[in-house]
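S.K.: take this sequence and fold it.
(chains A, B, C and D)
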2 protein chains.
Amino acid sequence: MTDAEQVNIWMRPERPARGPKPAYSRAQITEAAVRIADAEGLEAATMRRIAAEIGAGAMSLYRYVPSRDDLIMLMADRLMGEIDVEGMPSGDWRADLTRYAGELRAMWLRHPWIATAQRALVVFGPNQLRLIERVMGSLDAHVPIDENLALMAILNGYVESAARDEVSWTQEIRRSGLTESEWMARSYPYIQRLVESGEYPIFTKIVTGSRQPHLSRDDQFRYGLERILDCIAAALPADDGISDGDAPAGAAGPR
Amino acid sequence: MTDAEQVNIWMRPERPARGPKPAYSRAQITEAAVRIADAEGLEAATMRRIAAEIGAGAMSLYRYVPSRDDLIMLMADRLMGEIDVEGMPSGDWRADLTRYAGELRAMWLRHPWIATAQRALVVFGPNQLRLIERVMGSLDAHVPIDENLALMAILNGYVESAARDEVSWTQEIRRSGLTESEWMARSYPYIQRLVESGEYPIFTKIVTGSRQPHLSRDDQFRYGLERILDCIAAALPADDGISDGDAPAGAAGPR
DNA sequence: TAGATTCCGGGTACGCTGTACGCAAGTAGT
DNA sequence: ACTACTTGCGTACAGCGTACCCGGAATCTA
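M.R.: Now for the predicted structure:
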């Protein structure tokens, strides 16, 4: 059984029995990589750079991790470990999911590079599995597993795409190397041209409407989240939701 | 005003007045790049490969496009052009958004590499602007622009994250170079170990529950979409929704 | 029509990436 | 002490995006 036969990084043991004691560890390497990615973006976390960060030679990393892609999976799972789901499920599913959503979004904002990682969302590492148990556990008593999956997909989809939107702005600024106001100034002629063409009334509304005060990002997120949770409530059996009103008709569960 | 002062690819004219006639065009280059990315993934669409595809030298592409990143924006906007929103807004917002969502998902499935492109979602190219006008136009009569934005974010977020999930499986298979059943066989020991540990009851439910027939992907998507549309309906003034029932209470619009 | 100007295609080259390979040195099992 | 296997890591390679440069083609000016 060669190494190549392992599809999964989690199956690969960190340390064998024989030989000299390793000078580093997966956790240490992952930590260094996350630190660099947080500060300078995922593309700055090259193998050489990570190795330098911990004082190792570039090729030494490959004693711990089969490839950069696998290292990124380790990084992603490490991030999931930051999400505090202690005490879940608590019995109040709505409170649980609200807390989870907030934690997940906060984690994304702390580590915006997660948006640029390809295999970061479904890694099935230990931390993600713990999340699955805790969070999906909140709805497990109310709905069959298939429906639970569908509802979680909606929730995760909302949080992640909201976070992606917030984060992409940060990334755009970083990439351009400009300050926010410089970026604005550069874009102004284009925006102006679009508005003046008269062909884009809705776009114009967005641009000019955004001069008056908006909801804060946080409020925007919370507003959408409440909608999504209402959505989930409507999918639960009538007596399991908050039931301050009836679920809209025509929203039967799958099958 | 040097080239570097242009932040935006759309501001940069395709052709100047003087000099020899260009042998290629942005559209042709974009087309070739999309063709390669469709067949072999975005990472296969290197500058050299694209140039070879149209019979040009690698560096010639830079006469048409300032960088590979900008080319990817052109590719993304080309994809938006595939989305048929003819006749929108039609007056029936729910029909419009259903059609749009279906078209958007289908486009993602035709071009799975879009998930791996970093700046692909907000490019403000001509095709995306057309989409914005048509699709957001559907709700424009019913809600203020801020609320319209919030609801579109929810809808787009749902479709994109659903598509991302579907697509990531395809990508995983391609990356591994295995067939589906080979991949399954490789993963089996890991799954088995998790199940047998007894620590992951929900995960176990997912895995063992998935032996019986599920909803098809299409049905899954449609089910979630209906939920999201109900969600949107609830945010509209009472007489503007389909109103086969009352909107749930406690779901007032922002501000 | 002659010359100046401007832009085209693309060859060469540079710095960077992930990582295959090999080697000397260190540790455990026998 | 011998064997088996590990360790860290230097070297090397193919491939990437793209800066720079040049000969020639197209157009503008006179």
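
S.K.: could you check which residue of the stretch 1-150 of chain A lies nearest DNA strand D?
M.R.: Residue nearest to DNA strand D within the stretch 1-150 of chain A (CB to the nearest atom of the strand): A:G19, separated by 2.3 Å. For every residue, glycine as well, the C-beta is placed using N, CA and C.

S.K.: and that residue, which of the three is it?
M.R.: Under DSSP: H, G, I helix; E, B strand; the rest coil, A:G19 falls in the coil class.

S.K.: A:V122: neighbouring residues, count only.
M.R.: Per other CB atoms under 10 Å in any protein chain shown, the neighbour tally for A:V122 reads 14.

S.K.: hang on, it packs against B:S168?
M.R.: Yes. Look at A:V122 against B:S168 with CB atoms under 8 Å: they come within range, at 6.5 Å.

S.K.: now the residue of the stretch 1-150 of chain A closest to DNA strand D: how far from A:R63?
M.R.: Applying CB to CB, to the nearest Å, the value for A:G19 to A:R63 is 10 Å.

S.K.: next: A:M88.
M.R.: From A:M88 across to A:R63, the span is 37 Å (CB to CB).

S.K.: for A:E133, same thing?
M.R.: Distance from A:E133 to A:R63, counting by CB to CB: 32 Å.

S.K.: okay, the two: which has more neighbours?
M.R.: A direct count of neighbours by other CB under 10 Å for A:E133 and A:R63 places A:E133 higher, at 19 against 13.

S.K.: secondary structure element for that one?
M.R.: Assigned by DSSP states H and E, A:E133 falls within helix A:126-140.

S.K.: near chain B at all, the helix or strand that that helix is followed by?
M.R.: Once helix A:126-140 ends, the next helix or strand along the chain (criterion: DSSP H and E) is helix A:145-176. Yes. Interface with chain B: helix A:145-176 contributes A:145-146, A:149-150, A:153-154, A:156-158, A:160-162, A:164-165, A:168, A:171-172, A:175-176 (CB under 8 Å from any CB of the partner chain).

S.K.: next one: stretch A:32-47
M.R.: No. Judged by CB under 8 Å from any CB, stretch A:32-47 makes no contact with chain B; its nearest approach is 9.7 Å.

S.K.: quick one: buried residues of that stretch?
M.R.: By 16 or more other CB atoms under 10 Å in any protein chain shown, the buried positions in stretch A:32-47 come out as A:A32, A:A33, A:V34, A:I36, A:A37, A:G41, A:L42, A:A45, A:M47.

S.K.: neighbours of the nearest residue to A:V143 once chain neighbours are set aside, just the number please.
M.R.: Computed as CB to CB, 6 or more residues apart in numbering or on different chains, the closest residue to A:V143 that is not its neighbour in sequence is A:L236, at 6.3 Å. Counted with other CB under 10 Å, residues neighbouring A:L236 total 20.

S.K.: next: A:H142.
M.R.: 18.

S.K.: that older thread, shared neighbours of A:V122 and B:S168, anything?
M.R.: Common contact partners of A:V122 and B:S168 (CB atoms under 8 Å, 6 or more residues apart in numbering or on different chains): none.

S.K.: state the helix or strand in which the closest residue to A:I54 other than its chain neighbours lies.
M.R.: Closest residue in space to A:I54, ignoring its immediate chain neighbours: A:A32 at 5.0 Å, by CB to CB, 6+ apart. Per DSSP H and E, A:A32 falls inside helix A:26-40.
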